[in-house]
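A.B. asks: build me a structure from this.
(4 chains)
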There are 2 protein chains.
Amino acid sequence: MAVLSIKLNEHLYLSDPQHTKLGQNIISKSVVLIDQLGFEQFTFKKLAKEIDSTEASVYRYFENKHRLLHYLISWYWSWLEYKVDLAIVNLQSPEDKLKACLRTISEEKKYDPSFEFVNEEALYRIVVDELDKTYLTKWVDTDNRDGLFGSFKSLCKKIANIIVEINPTYEFPNALVSTAMLASKQQYFFSSHLPSLSNIKEDKFKHAKLYTFLETLVFNTIKK
Amino acid sequence: MAVLSIKLNEHLYLSDPQHTKLGQNIISKSVVLIDQLGFEQFTFKKLAKEIDSTEASVYRYFENKHRLLHYLISWYWSWLEYKVDLAIVNLQSPEDKLKACLRTISEEKKYDPSFEFVNEEALYRIVVDELDKTYLTKWVDTDNRDGLFGSFKSLCKKIANIIVEINPTYEFPNALVSTAMLASKQQYFFSSHLPSLSNIKEDKFKHAKLYTFLETLVFNTIKK
DNA sequence: TACATATGATAGCAATACTATTATCTTTGG
DNA sequence: CCAAAGATAATAGTATTGCTATCATATGTA
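C.D. replies: As a prediction, the model looks like this:
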């Protein structure tokens, strides 16, 4: 069986957490803890306690908790791109590919046994709740220069290219893709917490409705 | 001359800041300071120093800095709704009204002399950078019950109703409006900091392009 | 065996987000 | 015009956070 591993930008960590048991513990437990406590309440001290280690040891892997969040969320986007790649392989028409992308983005995220130490369900909730905290900071520009947003950009670019295939004259492919990606998580959030800002009910059709919303939004917008 | 004042939900403050000189100073200076420092670096201690008062005095107006952020951002949405109302008055067709709304949302924000102690340019930047911090917290649900999101919801509802007038069969008017409102600030931000996620350049056409993007997005999406 | 690398244990520090108390200053209404 | 109420200032204090530093020990590896 092939061993899969997600390759991430080196600026995201001080010492590669995928290489050691402690590192893997940090990833694995921080996902669970941030999901439980929220990013504000999450601290390296609490994490260290949870994995029977020390604050200082965690600091040897990640400069600070913001970088750890960057790491986890980059991991998520890279994982999603890998799922998108699987979904569009063998598809011919760009329309079908685009639909497959939107389906992958909006579908429910379940534990992926290919990546043992990551709980993808919890990680998805972290992305929904905390993504914006990776770029709405005073460090955006330096973080960007360090390539910390590479995973997200890569996925956006892939989908934007499909849009260009469908309609080369549409003026805002990148803006549309980033809008759709963020709308997906925003509507997911609103559906649970601020339902009057959405029309997607919190029921078993949630993900299907989310898909319909995105499909209409994207396909109608780029229609010639 | 008529004196205009923005009426806000009582849960947003402990003591109404619009009623006293100190309160107005708090509003006025906090807008400038948060804009300069960013919300994380902003503290009541720094604010108190700036207005020659004390931390304890500021706490008499606002429970904490998050509530102050809520207050400022609610003020912004109420102000924007007032501008939208001015823009659509006397317009007949729902299409024209919707265009006027989108124009108001995407246009450049300038100082409004009707509201002396608020710097709307700075406040707009605060909305762009910090809005998400008002709802992506563990208090969303209680904050929502307290009505803290009333100003935003009110504006969204107004625009969603216009969409329903244009196409009563479109399934997601609220989702589309909230998406467009947030997309507007996201693309504004990406244009400056993560240009590869947008197609809107940082030049004198920025607001016009933003408008075109939103108009196409909304009108195409709801087309029958 | 020696050396490097990873980890653990412990301490310490400045800043943050509050809370509490007491004193003074300003209104305003009787 | 004075007293009571309300607003503000001054000061102190506390638990937590985010981070750095140092030193000891464990583990693997050349």
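A.B. asks: does the longest helix seen in chain A reach DNA strand D?
C.D. replies: Using DSSP state H to define each element, chain A has its longest helix at helix A:65-88. Yes - counting by C-beta under 7 Å from any atom of the strand, DNA strand D has neighbours in helix A:65-88: A:K65. Placement of C-beta: from N, CA and C, glycine included.
A.B. asks: ok, and what's touching the helix or strand containing A:K133?
C.D. replies: In this structure, A:K133 is located in helix A:132-135 according to DSSP states H and E. The set of residues external to helix A:132-135 that reach it, using C-beta atoms under 8 Å, 6 or more residues apart in numbering or on different chains, is A:39, A:66, A:69-70, A:73, A:143, A:148-149, B:132, B:136, B:189, B:193-194.
A.B. asks: next secondary structure after it?
C.D. replies: Next along the chain after helix A:132-135, taking DSSP H and E as the criterion, comes helix A:140-145.
A.B. asks: how far does that following helix sit from the chain's center?
C.D. replies: Centroid separation for helix A:140-145 versus its chain: 18 Å, with C-alpha atoms, centre = their mean, to the nearest Å.
A.B. asks: C-terminal to that helix, what's the next element?
C.D. replies: The first helix or strand that comes after helix A:140-145 along the chain, using DSSP H and E, is helix A:150-166.
A.B. asks: buried residues in that next one?
C.D. replies: A:150-153, A:155-156, A:158-160, A:162-163, A:166 (16 or more other C-beta atoms under 10 Å in any protein chain shown).
A.B. asks: which single residue in chain A comes nearest to DNA strand D?
C.D. replies: Per C-beta to the nearest atom of the strand, A:N64 is where chain A lies closest to DNA strand D, at 3.0 Å.
A.B. asks: ok, back up a step: name the helices or strands packed onto the longest helix of chain A?
C.D. replies: The elements that helix A:65-88 packs onto, with contact taken as 3 or more C-beta pairs under 8 Å, 6 or more residues apart in numbering or on different chains; DSSP states H and E, are helix A:21-37, helix A:94-106, helix A:120-130, helix A:132-135, helix A:150-166.
A.B. asks: so for B:C101, which of the ones you listed sits nearest?
C.D. replies: helix A:132-135 (24.5 Å; C-beta to C-beta).
A.B. asks: okay, the helices and strands packed on helix A:65-88 in CSV with mean pLDDT next?
C.D. replies: Formatted as CSV, the helices and strands packed on helix A:65-88 follow (pLDDT from 0 to 100):
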stretch, mean pLDDT
helix A:21-37, 94
helix A:94-106, 98
helix A:120-130, 97
helix A:132-135, 96
helix A:150-166, 98
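A.B. asks: and of these, who's closest to DNA strand C?
C.D. replies: By C-beta to the nearest atom of the strand (comparing all of these), the closest turns out to be helix A:21-37, at 3.3 Å.
A.B. asks: give me the phi and psi for the residue of chain A closest to DNA strand D.
C.D. replies: Here the main-chain torsion angles of A:N64 (degrees, to the nearest 10) amount to phi -170, psi 180.
A.B. asks: minimum distance to B:D35: which of the helices and strands packed on helix A:65-88 has it?
C.D. replies: Comparing the helices and strands packed on helix A:65-88 against B:D35 with C-beta to C-beta, the closest turns out to be helix A:132-135 (17.8 Å).
A.B. asks: off-centre distance for that closest one?
C.D. replies: The answer for helix A:132-135 is 12 Å, by C-alpha atoms, centre = their mean.
A.B. asks: can it be said to contact DNA strand C?
C.D. replies: No - Helix A:132-135 does not reach DNA strand C (C-beta under 7 Å from any atom of the strand); its nearest approach is 14.1 Å.
A.B. asks: burial of A:E108, as a residue count?
C.D. replies: The number of residues packed near A:E108 is 10, by other C-beta atoms under 10 Å in any protein chain shown.
A.B. asks: quick check: closest non-adjacent residue to it.
C.D. replies: Distance criterion C-beta to C-beta, 6 or more residues apart in numbering or on different chains; nearest residue to A:E108, sequence neighbours excluded, is A:H207 at 5.1 Å.
A.B. asks: quick check: angle from the one helix or strand A:A208 maps to to helix B:206-222?
C.D. replies: Assigned by DSSP H and E, A:A208 belongs to helix A:206-222. Angle, helix A:206-222 to helix B:206-222, by axes from the mean of the first three to the mean of the last three C-alpha atoms, to 10 degrees: 120 degrees.
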